[in-house]
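Asker: what follows is a predicted structure for the sequence shown.
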Amino acid sequence: MEIRPIKNMEDYDKALERLELIFDAKKGTEEGDELEILTILIDTYEKENFPIDFPDPIEAVKFRMEQLNMKQKDLAATIGFKSRVSEVLNKKRKLTLDMIRKLHEELNIPTNILIKEYQIVE
C-alpha cells in the first residue's frame, strides 16, 4: 500500500484510477484499508478544490415541487394565498421565516438552502 497526499490534478487522477481498481476490496484487508484511506483523501481534495454551492432557494422550491408533481396552487397551503405563491416563485417577494419553516417541514427542503440570500426581481 503506497498512499500519498493528493496535491494536484495528476495526483487526484491517479487516486481515482487506484480507487476504481480496488473498489470492491473487502473490509479488514490491506486493500480494504487502502480503499478507506484513499476515499478520505479524495473526498477532502474534492471538498477543497471543487466546492458545491447551495442552489438558489426559489429554484430549490421549484425543483422539489416538480419532484412532487405539485402546482403553484398546491403550495398555497404552505406559503399563503395563490398570489403570494406566485410572487415568491417569481422572486417578487422574499421568503419569510415562517414560509421557510413550513417549506422545510412540508417539502423537506433543508433550511440552509432556504435561508440563502437571493435577489428580488423588480
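Answerer: Okay, I see it.
Asker: which parts of this protein are helices?
Answerer: With helices called from DSSP state H, the chain shows them at 9-22, 30-49, 57-67, 76-79, 82-89, 97-107, 111-114.
Asker: weakest of the ones you listed by average pLDDT?
Answerer: Lowest mean pLDDT within the helices of the chain: helix 76-79, at a mean of 89.
Asker: so which bits of that one are buried?
Answerer: Within helix 76-79, the residues that count as buried by 16 or more other Cβ atoms under 10 Å are 78-79. In short, each C-beta sits where N, CA and C put it, glycine included.
Asker: list the contacts for the residue positioned nearest the centre of the chain?
Answerer: Centroid check for the chain by Cα atoms, centre = their mean gives residue 54 as the closest residue, at 6.0 Å. Applying Cβ atoms under 8 Å, 6 or more residues apart in numbering to residue 54 gives the contacts 60, 112-113, 116.
Asker: what does residue 17 give?
Answerer: Going by Cβ under 8 Å, 6+ apart, the list of residues near residue 17 is empty.
Asker: how near is it to residue 28?
Answerer: Distance, residue 17 to residue 28, using Cβ to Cβ, to the nearest Å: 24 Å.
Asker: with adjacent residues omitted, what lies nearest to residue 111?
Answerer: residue 104 (4.9 Å; Cβ to Cβ, 6 or more residues apart in numbering).
Asker: try residue 55
Answerer: residue 113 (6.3 Å).
Asker: the one you found and residue 61, how far apart?
Answerer: 9 Å.
Asker: pick out whichever of those two has more residues nearby.
Answerer: The residue with more neighbours, out of residue 113 and residue 61, is residue 61; 25 against 18, by other Cβ atoms under 10 Å.
Asker: ok, residue 98 - contacts?
Answerer: Residue 98 neighbours (Cβ under 8 Å, 6+ apart): none.
Asker: please shift the residue numbers so they start at 131 in all later answers.
Answerer: Noted, 131 is the first residue going forward, which turns the last one into residue 228.
Asker: about what we covered before: these two touch, right, the residue nearest to residue 241 and residue 243?
Answerer: No: counting by Cβ atoms under 8 Å, residue 234 stays clear of residue 243, with 9.1 Å between them.
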